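> Sequence and predicted model, in that order:
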Amino acid sequence: MSARFSLLLSALACGAFASCTVFPEQPQHPPYLEPGRPGQTVAHPDQQDIQKKRDEMKKRDEEKTRVEAEKKVTENPPEQKSETAANPNPAPDTPKPKVEKKDYPFANPVPGKDGFVFSPYNNKVVDVRDIPSGQLVQDPTYPQSEKKYFRVP
């Protein structure tokens with residue numbers, strides 16, 4: 001009987017001791033991962049900075065191309081004279097040399113990842129973000145000497 005009593009007493013002591021143990025607090029998530037916080041995204045701040053820099057570069061490039069286009073228009077204003085008045089005997093139109101257009105294969109998009117495609121040559125993933133559809137791209141997995149090209153889907 002005393003063996004049972006001592007066993008019961010030791011079990012109660014262990015239970016009481018375990019209930020007094022302080023459990024550590026839950027780890028705090030960084031503020032950018034807390035759900036439901038207004039104005040916060042799930043992206044890491046470093047990624048947000050990179051995206052801001054990309055956006056700024058795009059704006060600068062667009063501004064630069066717009067300025068260059070305006071500059072070309074002001075440098076080469078359209079002529080007011082008609083071509084027949086300036087040259088009464090115009091030369092016949094010369095045929096333009098035909099450029100051999102090679103059909104390049106289209107890459108296959110990676111499911112669930114926008115801006116990434118599988119190369120049609122070796123089926124490796126290639127990053128084609130910010131490249132418009134139909135654009136000809138050189139496969140970066142091949143050296144420059146082999147020059148493998150494909151089109152963005």
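Nice, I can see it.

> which residues of the protein score low on pLDDT?
21, 23-24, 26-43, 76-101 (pLDDT under 70).

> For it, which segments count as strands?
108-109, 116-118, 125-127, 136-138, 149-151 (DSSP state E).

> Switch these over to CSV; also include mean neighbour count and distance to Leu9.
To be clear about C-beta, it is placed using only N, CA and C from the backbone, and glycine gets the same treatment. What follows is the strands of the chain, written out as CSV (neighbours: other CB atoms under 10 Å; distance: least, CB to CB, whole Å):
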stretch, mean neighbour count, distance to Leu9
strand 108-109, 14, 69
strand 116-118, 18, 65
strand 125-127, 15, 65
strand 136-138, 14, 77
strand 149-151, 18, 78
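
> Can you tell me, leaving aside adjacent residues, what's nearest to Lys58?
Asp130 (7.7 Å; CB to CB, 6 or more residues apart in numbering).

> actually Asn122, sorry about that
Thr141 (5.9 Å).

> State the number of residues packed around Asp139.
Asp139 has 18 neighbouring residues, counting by other CB atoms under 10 Å.

> circling back to that earlier point, I figured the residue nearest to Asn122 hits Asn123, correct?
No: using CB atoms under 8 Å as the test, Thr141 is too far from Asn123 to be in contact (9.9 Å).

> Compare those two (neighbour count), which wins?
Per other CB under 10 Å, whichever of Thr141 and Asn123 has more neighbours is Thr141, with 14 against 10.

> Pull the contacting residues for the more buried one.
By CB atoms under 8 Å, 6 or more residues apart in numbering, Thr141 lies in contact with Ser119, Tyr121, Asn122, Lys124, Val126.

> Neighbour-wise, which one of these leads?
Of all these, Val126 has the most neighbours under the rule other CB under 10 Å, reaching 21 neighbours.
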